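S.K.: Show me the folded form of this:
(one chain, ligands or ions: 1)
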Amino acid sequence: MTSAGLRRAVTLGRLCWRAGPVITVSQLVVTVAAGLLPAAVVWATKLLVDALAAEGGPHEVLGPVAALVGLGLAAGVLPHVTGYLRAESDRRLDLLLQDRLYTRVNGFQGLSRFEDPAFLDELRMATQATGGAMGPITSGLFDLGRNVITLAGLLGSLAVLSPLMAGLVAVAALPTLAARMSLEKRRAKMIAGQSEAARRQIFYSSLLTDVEAAKEVRLFGLGDFLRSRVIGELTSMQRAERRLDGREALTQSALATLSALVSGIGLAWAAYSALSGRLTLGDVTVFAASVAGTQAALIATVENAANASHALILFHHHERVMALADDLTPPRAPAALPPLGRGIELRDVWFRYDDDHPWVLRGVNLTIPHGASVALVGLNGAGKSTLIKLLCRFYDPSRGAILWDGVDLRDVPPAELRARMGVLFQDYMSYDLTAAENIGVGELAALADRTRIETAAELAGADQIVRSLPHGYDTTLSRIFFGPEDEAGVVLSGGQWQRLALARALVRENRDLLILDEPSSGLDAEAEYEVHRRLREHREGRTSLLVSHRLGAVRDADLIVVLGDGKIVEQGTHDHLIATRGRYARLFETQASGYRVEA
Ligand SMILES: Nc1ncnc2c1ncn2[C@@H]1O[C@H](COP(=O)(O)OP(=O)(O)OP(=O)(O)O)[C@@H](O)[C@H]1O
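M.R.: Okay, here's the model as predicted:
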């Protein structure tokens, strides 16, 4: 094991201790006892055989027999005790590791990590180091410890009879150990090399089983195409595995032949030594059992070391995720976030998602005054949603700053900032929860406050829809989970989901800033009119930012901002922008003419 591997094993040991000190100590005691058992049995057997060969009386035989009975009892019970301790220790360690991992993942307050394929790979491997994979990690290390003790006991016994033979058996094992370790390294490298293919395979197979994708997959006849991609990725991964398995089988067979040869030579030597009177019958028993036991323990040790090292590689990914720095810039001058009194200012904000990506925002200067309703319009890809994500501090500007009453957003904890906002994203979530919970998760403190949830639903035009569901607000909105009384859940239409998402944003009452990104894109004309009428009243006197392609919905805003090519190209009231006959006026005229033609 390399020094890094050893360090990881020590860290894991510390975590086991934290997860359950009593269980860990018990496991250590049982491991040592189980490890010493084979050598103890060999020596008790030797004493018995020698007593029998010397034709001793019941007195001489009683001791070894009693010892063998006790050892037999221990051999019967210890595996079950070990099994229980192991399962309990795995459960506790699993809890601890999952808790650590998801606390760290939640600690990444921005979005950039989740858009980084290298991080996603690391995270996928790290999540494998929890759950079922924890068994081999801990039990592999304890088994390794037990087998090393067994090995030391048996090799020691052998050395008493023939140091040369003990040395020979030990030396014969070295190539096996080296070969196994090198194979394990290759396997780890192969798995790392396959991670992209594995991710693609998971992606294709999830499309084949995903209810959301089922419509398009069937309509476009994508089933065979996706199936052949899954099989293609699997085949290429299996090809690499097959090559390695073949190499492993060949190496192991050659090494097993070497071990058999060594033990054959040893046995012949012991038999001739007994014939010439240099060894007793008991000695030969010790010798034969020790050689066989040593080789078995050696193979098991190598196997355990390989399993433990494989498991430690997974644990390594866990540790790497844990060691990652926060994704957002740490505050230079930590500040408290004041209640919004003046407004939010974007000062020469430049932004791109990555150094290799093009600029999305190029020097945006904008003020959202306190109490004003601001509308953001622009063509697809103009950067509207990106600007919203910066306001929520999912990313920091690449250059420039966003100031909240003069305080740089980089200087305040993101959670504090987000607690001051109600936001409806363009790509909102639909939770497989009840209707009430779908709204209430917008404000966890209001999850049990039905009046508040109903008020938000009413404002979003969702109240009537929810009331007409089989169990009203308690109806489970899911095709995956069952609702009350084991009924299959109900699924809403796109526009109905959107109203619930809007209610979720609005349940956060009295926030400093309300952001709505396309709140009515999926609503029918009547609902859209009604929702915007209510929102207009609701936004009155509150600071809000509305993004919409439906220009009729933004004409009443105090300030309309037109974004184009990552810059603000125009801003003003509806009347002002129409009078200037610029980009907004053209967009508005295009939309209006469409309606006029239809009319
Ligand atoms: N996570 C991301 N990583 C890299 N590029 C992104 C990401 N999200 C958006 N972009 C790019 O940023 C640009 C602006 O996208 P954005 O979603 O902000 O536009 P938008 O104005 O909201 O468009 P729409 O009207 O279509 O919603 C686009 O060119 C898009 O490809």
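S.K.: Relative to the ligand, which residue of the stretch 1-150 of the chain is the closest?
M.R.: Nearest residue of the stretch 1-150 of the chain to the ligand: residue 115, at 5.1 Å (CB to the nearest ligand atom). C-beta coordinates here come from the backbone N, C-alpha and C atoms, glycine included.
S.K.: Which residues are in contact with that residue?
M.R.: Listed by CB atoms under 8 Å, 6 or more residues apart in numbering, the contact partners of residue 115 are residue 353.
S.K.: the helices in the stretch 251-400 of the chain, which residues?
M.R.: 281-323, 384-391 (DSSP state H, counting those that start in this stretch).
S.K.: Show me which residues of this structure sit near the ligand.
M.R.: Contacts of the chain with the ligand, taken as CB under 6 Å from any ligand atom, map to 115, 353, 357, 360, 378, 380-386, 426.
S.K.: Could you find which two of those residues are furthest from each other?
M.R.: Spatial extent of the residues of the chain next to the ligand (CB to CB) is set by the pair 115 and 378 at 22.4 Å.
S.K.: coming back round to it: which of the residues of the chain next to the ligand fall within strands?
M.R.: Those of the residues of the chain next to the ligand mapping onto strands are residue 378, per DSSP state E.
S.K.: which among the residues of the chain next to the ligand end up buried?
M.R.: For the residues of the chain next to the ligand, a neighbour count by 16 or more other CB atoms under 10 Å gives the buried set as 353, 360, 378, 382, 383, 384, 385, 386.
S.K.: can you put the residues you listed in a markdown table and add pLDDT and distance to residue 581?
M.R.: Below are these laid out as a markdown table (pLDDT from 0 to 100; distance: CB to CB, whole Å):
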| residue | pLDDT | distance to residue 581 |
| --- | --- | --- |
| 353 | 93 | 34 |
| 360 | 95 | 28 |
| 378 | 90 | 17 |
| 382 | 91 | 20 |
| 383 | 93 | 24 |
| 384 | 93 | 22 |
| 385 | 93 | 28 |
| 386 | 95 | 28 |
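S.K.: packing partners for the helix or strand hosting residue 225?
M.R.: Per DSSP states H and E: residue 225 is located in helix 223-275. Judged by 3 or more CB pairs under 8 Å, 6 or more residues apart in numbering; DSSP states H and E, helix 223-275 is in contact with helix 163-193, helix 195-209, helix 281-323.
S.K.: Deepest-packed of the ones you listed, please.
M.R.: Ranked by average neighbour count under the criterion mean count of other CB atoms under 10 Å, those are headed by helix 281-323 at a mean of 21.
S.K.: mean confidence score for it?
M.R.: Mean pLDDT, computed over helix 281-323, is 79.
S.K.: now do stretch 426-445
M.R.: 93.
S.K.: For that stretch, list every residue counted as buried.
M.R.: Buried residues in stretch 426-445, defined by neighbour count with 16+ other CB under 10 Å: 428, 430-431, 433-440, 442-443.
S.K.: Can you pick out the ones from those residues that are in helices?
M.R.: 435, 436, 437, 438, 439, 440 (DSSP state H).
S.K.: between those, which is closest to the ligand?
M.R.: For these, the nearest to the ligand is residue 438 (23.2 Å; CB to the nearest ligand atom).
S.K.: So, low pLDDT: which residues of the stretch 51-200 of the chain?
M.R.: Counting by pLDDT under 70, the stretch 51-200 of the chain contains low-confidence ranges at 56, 130-138, 172-173.
S.K.: Just read off the phi/psi values of the residue in the stretch 401-550 of the chain that the ligand sits nearest to.
M.R.: Proximity to the ligand, evaluated over the stretch 401-550 of the chain using CB to the nearest ligand atom, is greatest for residue 426 at 5.7 Å. When read as degrees, to the nearest 10, the backbone of residue 426 gives phi -60, psi -40.
S.K.: Spit out the contact partners of it.
M.R.: Taking CB under 8 Å, 6+ apart as the criterion, residue 426 is in contact with 385, 517, 518, 521, 547.
S.K.: Can you tell me which of those has the most neighbours?
M.R.: residue 547 (25 neighbours; other CB atoms under 10 Å).
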